[in-house]
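Novice: need a 3D model of the following:
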Amino acid sequence: MIPFMTLAFPMALLLLPLPVLARFLPGVRAQGATALRVSPGAFAAALPARGAEDRGRQTVLVAAWIALVAALAGPQVAATRELVTASGREILLALDLSGSMLKEDFVLDGKPLSRLDAVKRVATRFVAARQGDRIGLVIFGDRAYVAQPPTFDVASVARAIDIAQIGISGRSTAISDGLGLATRRIMGSEATTKVVVLLSDGVDTSGKVPATEVARLAASHGVRVHTIALGPADLEDQPASRDAVDAAALKEIAAVGGGTSFRVRSMADLEAMAATLDQLEPNPMKRPPLRYWRPLWMWPGGASLALVLLLAGWRRR
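Specialist: This next block holds a predicted model:
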């Protein structure tokens with residue numbers, strides 16, 4: 001769509017015929033009535049003929065005046081700008097990178113997809129859309145570590161999720177350690193809203209501190225904990241399965257942490273989860289954009305200045 005352009009000071013266009021009107025103003029009469037008055041035609045033969053160079057100077061002078069008046073009229077074009085303001089919210093994602101995340105039990109466009117790749121596709125889009133939030137990433141397997149400290153640069157967090165690989169933090173599922181590190185990292189934040197999103201596809205193997213106690217500690221410090229149970233099989237239904245997820249434990253963690261638990265078995269569930277989570281933690285960017293006028297006077301103003309400098313150089317020669 002072509003941007004709408006208007007003039008801030010359209011009355012300035014009335015100055016355009018000013019040079020023409022000035023030629024019709026009466027000239028200043030010379031003092032002294034005894035001066036000899038000679039017809040201009042008497043010296044016409046002695047004056048050099050008006051050449052193409054003079055006409056070129058006149059054309060440049062007229063163009064410089066038109067450009068100057070155009071700049072004074074204040075041309076401007078309608079524009080919009082997204083308001084990127086700090087939301088006061090800090091979100092830490094705690095992502096399970098245990099070996100079971102390599103299992104290909106998701107389907108996208110008719111092709112099998114690993115759990116990790118499915119999470120990457122949805123999580124990167126979710127994070128990249130959180131302009132105005134501070135987002136961080138904690139990765140856990142045998143142990144947990146901060147892969148990306150909380151930052152407003154959501155694109156860098158999305159990249160950190162995209163390059164995450166199985167094995168860099170071990171292949172077990174230390175849910176308590178991952179949740180504990182995320183909680184410790186976010187508890188010291190001065191954000192008005194603090195959120196931890198815990199995603200796991202297994203059973204807690206850390207055995208040090210129950211994850212529910214960590215969630216209770218988080219809630220006591222104003223941290224809300226959402227959990228995502230990823231995988232088709234539940235531990236309650238298939239206790240012997242190595243790839244079953246302890247959905248009941250993750251649901252209890254969310255209940256204690258004051259958040260919501262999501263059960264994800266397919267790609268459609270994962271997409272729906274992201275949409276619901278976006279509603280629970282509203283995106284601060286979902287507000288009307290700022291509409292304003294972008295000035296364009298500098299273009300005709302610059303053209304007028306360039307033409308005047310060209311005339312000055314011409315006269316110097």
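Novice: tell me the SS of residue 104?
Specialist: What DSSP: H, G, I helix; E, B strand; the rest coil gives for residue 104 is coil.
Novice: quick one: contacts for the closest residue in space to it that isn't next to it in sequence?
Specialist: With CB to CB, 6 or more residues apart in numbering as the criterion, residue 104 has its nearest non-adjacent residue at 4.2 Å, and that residue is residue 112. Placement of C-beta: from N, CA and C, glycine included. By CB atoms under 8 Å, 6 or more residues apart in numbering, residue 112 lies in contact with 104-106.
Novice: so which of those wins on neighbours?
Specialist: residue 106 (25 neighbours; other CB atoms under 10 Å).
Novice: can you confirm the residue nearest to residue 104 is in a helix?
Specialist: No - under three-state DSSP, residue 112 falls outside any helix and is assigned strand.
Novice: that one pairs with what?
Specialist: For residue 112, the beta-bridge partners are residue 107 (DSSP bridges).
Novice: and the host helix or strand of residue 227, how far out from the chain's middle?
Specialist: Using DSSP states H and E, residue 227 falls within strand 223-230. Relative to its chain's centre, strand 223-230 lies at 26 Å (CA atoms, centre = their mean, to the nearest Å).
Novice: low-confidence stretches in the stretch 201-317 of the chain?
Specialist: By pLDDT under 70, the low-scoring segments of the stretch 201-317 of the chain are 206-207, 239-240, 283-290, 317.
Novice: how close does residue 68 sit to residue 308?
Specialist: Note on residue 68: its distance to residue 308, by CB to CB, to the nearest Å, is 9 Å.
Novice: and what of residue 269?
Specialist: 68 Å.
Novice: re earlier: could you report the pLDDT at the residue nearest to residue 104?
Specialist: The score at residue 112 is 87. That number is its pLDDT.
Novice: which pLDDT value goes with residue 131?
Specialist: For residue 131, pLDDT reads 80.
Novice: no wait, residue 193
Specialist: Per the predicted model, pLDDT is 88 at residue 193.
Novice: and what of residue 37?
Specialist: Reported pLDDT for residue 37: 59.
Novice: apart from its chain neighbours, what residue comes closest to residue 294?
Specialist: residue 79 (4.5 Å).
Novice: so that neighbour is in contact with residue 295, correct?
Specialist: No - judged on CB atoms under 8 Å, residue 79 makes no contact with residue 295 at a distance of 10.2 Å.
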